[in-house]
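J.: the sequence and its predicted three-dimensional model are supplied below.
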Amino acid sequence: SASDSASRLRERAAAALTAARIRTAGLTDAVTDEDLTAQHSPLMSPLVWDLAHIGNQEELWLLRRVAGRESMRPEIEPLYDAFQHPRAERPKLPLLGPAEARRYAAEVRGRVFDLLERTPLEGSTLLDDGFAFGMIAQHEQQHDETMLITHQLRRGAPVLTAPEPDGPYDPSLAAEVLVPGGPFTMGTSTEPWSLDNERPSHVRDTAPFWIDTVPVTNAAYLAFIADGGYRDPRWWAAPGWEQIREHSIEAPLFWHQEAGQWLRRRFGVIEPVPDEEPVLHVSWYEADAYARWAGRRLPTETEWEKAARHDPATGRSTRYPWGDADPTPAHANLGQRHLRPARAGSYPAGASPLGVRQLIGDVWEWTSSDFLPYPGFRAFPYREYSEVFFGSEHKVLRGGSFAVDPVACRGTFRNWDLPVRRQIFSGFRTARDV
Ligand code: AVJ
Ligand code: FE
């Protein structure tokens, strides 16, 4: 009945909001107040900014826009508007302190739960299917990933722990998979909590192409380094070559060499670079250069989504590579269950019908494509989520990393960043024409 489905929707929204807050608490309670207010990198906000910004966006969309209330604290509104102050300047703002920020976010949440009980989840595009609540749960999870990046950049003793990935693993896979040419449905018009840039669904055609079965591993990437890949301008797009020369970049971010061995720093732990793991913390330029060196190329965003969603048996596009079911721990490395990608060849249950692995989870995958609107795009509910970022400045990343929660990850989900960025949990796979 309608009231059953309304209560299921409420439960789903409440569970998503609660899961996000548990993760936020884990990331912010793990460090001292001094660490929360410090800036660990000019690329990032202080963690205490993310914390209050999470509360502030929740207040803006659920209490002010949905419920029509007045601002709880008008004086803090400009501080937490991401467009008013670049990240590098945020530490100098009169931000709420750690205790105040926690109290503010908790107070907003209390009011939001009252609202969720009483608001009909229908009758407007913001409320239909609980969209606004789902959007806010995704927003908090996205900032949790951002805060995890800040943790990775932070110097000092490790404060986060998680079990190692230990699922089934098959290293003897074919290197690449052939995806047949022809039309498929890209994007979505039906996924209830999909964001504006994933919409609407539309048909696209591709030529047949080969795509890597798994993301490019550290071992493969090390061969590129050993072959002088960072010293050969032939492989590099001009701005990428400039970046690696200017900053003396010769390996992925967080790597260094000691006595001929490559080591990396991962959440405060120094360890040998593991051969079988997907490479992490590479820029779009590094991914593009590797692909050229390998005689291949990055997949387009369209090719990536076709590999992830097109079922050749039915001609239908599924929500995930494995079908329409929500992700479980057997499908993919998501949700910060682990603090690293799983070995390439893991998660056989998460394979696509054609056998492509680990499209979802582990590492964000750079594509060759600029971040552009789909035909028929309409900004919703605000231009600053996607629309202002469309253009040739940003490249699309797909599939989500180990740091992405399932609520903010699906076959249609689109992420984007500048091609120079390497602190993000980015890797890639390659493709080639037939
Ligand atoms: C979609 C990850 C690029 O973090 O800048 C968070 C998500 N938007 N708050 C970002 C977002 C507004 C966004 N990315
Ligand atoms: Fe935000």
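T.: Sure, I can see it. Numbers count the residues shown, from 1 in each chain. Ligands and ions are numbered 1, 2, ... in the order given.
J.: do stretch 9-27 and ligand 1 meet at all?
T.: No: Stretch 9-27 stays clear of ligand 1 (C-beta under 6 Å from any ligand atom), getting no nearer than 12.5 Å. From N, CA and C alone the C-beta is placed, and that goes for glycine too.
J.: so how far is that stretch from its chain's centroid?
T.: On the basis of C-alpha atoms, centre = their mean, to the nearest Å, stretch 9-27 sits 18 Å off its chain's mean C-alpha point.
J.: which residue is nearest the centroid of this protein?
T.: residue 400 (4.4 Å; C-alpha atoms, centre = their mean).
J.: residues contacting the residue of the stretch 51-200 of the chain found nearest ligand 1?
T.: With C-beta to the nearest ligand atom as the measure, residue 142 is the residue of the stretch 51-200 of the chain nearest to ligand 1, at 4.3 Å. Residue 142 makes contact with residue 408 under the criterion C-beta atoms under 8 Å, 6 or more residues apart in numbering.
J.: the stretch 301-434 of the chain: helices as residue ranges?
T.: 301-309 (DSSP state H, counting those that start in this stretch).
J.: now the strands for it?
T.: 364-371, 391-398, 414-417, 426-427, 431-433 (DSSP state E, counting those that start in this stretch).
J.: pick the most buried one from these.
T.: Here the criterion is mean neighbour count by mean count of other C-beta atoms under 10 Å, and of those the winner is strand 426-427, at a mean of 28.
J.: show me what from the protein comes close to ligand 1.
T.: Within the chain, the positions adjacent to ligand 1 are 139, 142, 143, 146, 385, 415, 416 by C-beta under 6 Å from any ligand atom.
J.: now do the same contact list for the closest residue to residue 379 other than its chain neighbours.
T.: Residue nearest to residue 379 in three dimensions, not counting chain neighbours: residue 387, with 4.4 Å by C-beta to C-beta, 6 or more residues apart in numbering. Counting by C-beta under 8 Å, 6+ apart, residue 387 touches 196, 373, 377, 379.
J.: coming back round to it: next up, phi/psi of the residue nearest to the centre of the chain, please.
T.: phi 80, psi 160 (degrees, to the nearest 10).
J.: since we're on the residue lying closest to it once chain neighbours are set aside, how many residues are nearby?
T.: Sequence neighbours aside, residue 409 is the residue nearest to residue 400 in space, at 3.9 Å (criterion: C-beta to C-beta, 6+ apart). Residue 409 has 23 neighbouring residues, counting by other C-beta atoms under 10 Å.
J.: now residue 409: how far from residue 57?
T.: The gap separating residue 409 from residue 57 is 19 Å, by C-beta to C-beta, to the nearest Å.
J.: what do you get for residue 189?
T.: In terms of C-beta to C-beta, residue 189 sits 25 Å off from residue 57.
J.: could you do residue 249 as well?
T.: From residue 249 over to residue 57 (counting by C-beta to C-beta), the distance is 34 Å.
J.: also residue 204?
T.: Taken as C-beta to C-beta, the span from residue 204 to residue 57 is 32 Å.
J.: returning to what we had before: surely the residue nearest to the centre of the chain touches residue 333?
T.: No: between residue 400 and residue 333 there is no contact under C-beta atoms under 8 Å: 9.3 Å.
J.: could I get stretch 384-399 in CSV with only the CA atoms?
T.: What follows is stretch 384-399, C-alpha atoms only, in CSV (Å, rounded to 0.1, in the frame of the first residue of the first chain):
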residue,chain,number,x,y,z
GLU,A,384,26.3,24.8,-8.3
TYR,A,385,26.1,21.1,-7.9
SER,A,386,27.0,20.3,-11.6
GLU,A,387,26.2,23.0,-14.1
VAL,A,388,28.8,25.5,-13.2
PHE,A,389,31.5,22.8,-13.6
PHE,A,390,30.5,21.7,-17.1
GLY,A,391,33.1,22.4,-19.8
SER,A,392,36.6,21.4,-20.9
GLU,A,393,38.3,22.1,-17.6
HIS,A,394,37.2,19.0,-15.7
LYS,A,395,37.6,15.3,-16.7
VAL,A,396,35.0,12.7,-15.7
LEU,A,397,35.9,9.9,-13.2
ARG,A,398,33.6,6.9,-12.9
GLY,A,399,32.9,3.9,-10.6
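J.: what about it, distance to the chain center?
T.: That offset, for stretch 384-399, works out to 13 Å (C-alpha atoms, centre = their mean).
J.: show the pLDDT at the spatially closest residue to residue 227 that is not a sequence neighbour.
T.: Once flanking residues are discounted, residue 227 sits nearest to residue 293: 7.0 Å by C-beta to C-beta, 6+ apart. Looking at residue 293, its pLDDT stands at 99.
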